[in-house]
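J.: build me a model:
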Amino acid sequence: MITVTDAAIAAIVDIQKKQDNVNIGLRLSVVGGGCAGFSYKLDLKEEKKEGDWIYEKNGAFVFVDPKSLKLLDGLELDYFTTMSQRGFRFNNPNAKATCGCGTSFSLT
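T.: Numbers count the residues shown, from 1 in each chain. Sure, this is the predicted structure:
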């Protein structure tokens, strides 16, 4: 299971407002690549796919395909804001190592 923080939910709702589309959700997936072997991929999508894990709260949606969900079990999806940066943050207990930017991870 994946946990989505209130900050991440608020960020998704903000994206929906900016896009003027309440049906947009965040598709989170894992793809091969990056410094450490796997990378997180985020896309804006309106539709779910068959077999997707779906998280919905306050009108915000997160979609995850079954293959990615296995690698993301226990993940916390968060959103952060600092004076110089903002974005989604991935707190993945399955990651044995991560790259400096935090968007790439390895399982071994």
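J.: let me know the outermost residue of the chain.
T.: Met83 (22.1 Å; C-alpha atoms, centre = their mean).
J.: tell me the contacts of that one?
T.: Going by C-beta atoms under 8 Å, 6 or more residues apart in numbering, Met83 touches no other residue. Bear in mind the C-beta positions are built from the backbone N, C-alpha and C, glycine included.
J.: for this protein, which helix is longest?
T.: With secondary structure taken from DSSP state H, the chain has its longest helix at helix 6-19.
J.: could you point out which element follows that helix?
T.: Later in the chain than helix 6-19, the nearest helix or strand by DSSP states H and E is strand 25-32.
J.: which pLDDT value goes with the most centrally placed residue in the chain?
T.: Centrality entry for the chain: nearest residue to the mean C-alpha point is Leu28, 4.3 Å, by C-alpha atoms, centre = their mean. Per-residue confidence (pLDDT) for Leu28: 96.
J.: that one touches Leu44, doesn't it?
T.: No: taking contacts as C-beta atoms under 8 Å, Leu28 lies outside contact range of Leu44: 11.2 Å.
J.: helices of the protein, start to end?
T.: In the chain, the segments counted as helices under DSSP H are 6-19, 66-72.
J.: run the angle between the longest one and strand 25-32 for me.
T.: Note on geometry: by axes from the mean of the first three to the mean of the last three C-alpha atoms, to 10 degrees, helix 6-19 and strand 25-32 are set 110 degrees apart in direction.
J.: and the gap between Gln16 and Ala8?
T.: 13 Å (C-beta to C-beta, to the nearest Å).
J.: ok, now which ones touch the residue nearest to the centre of the chain?
T.: With C-beta under 8 Å, 6+ apart, Leu28 has these contacts: 2, 40-42, 62-64, 68, 72, 77.
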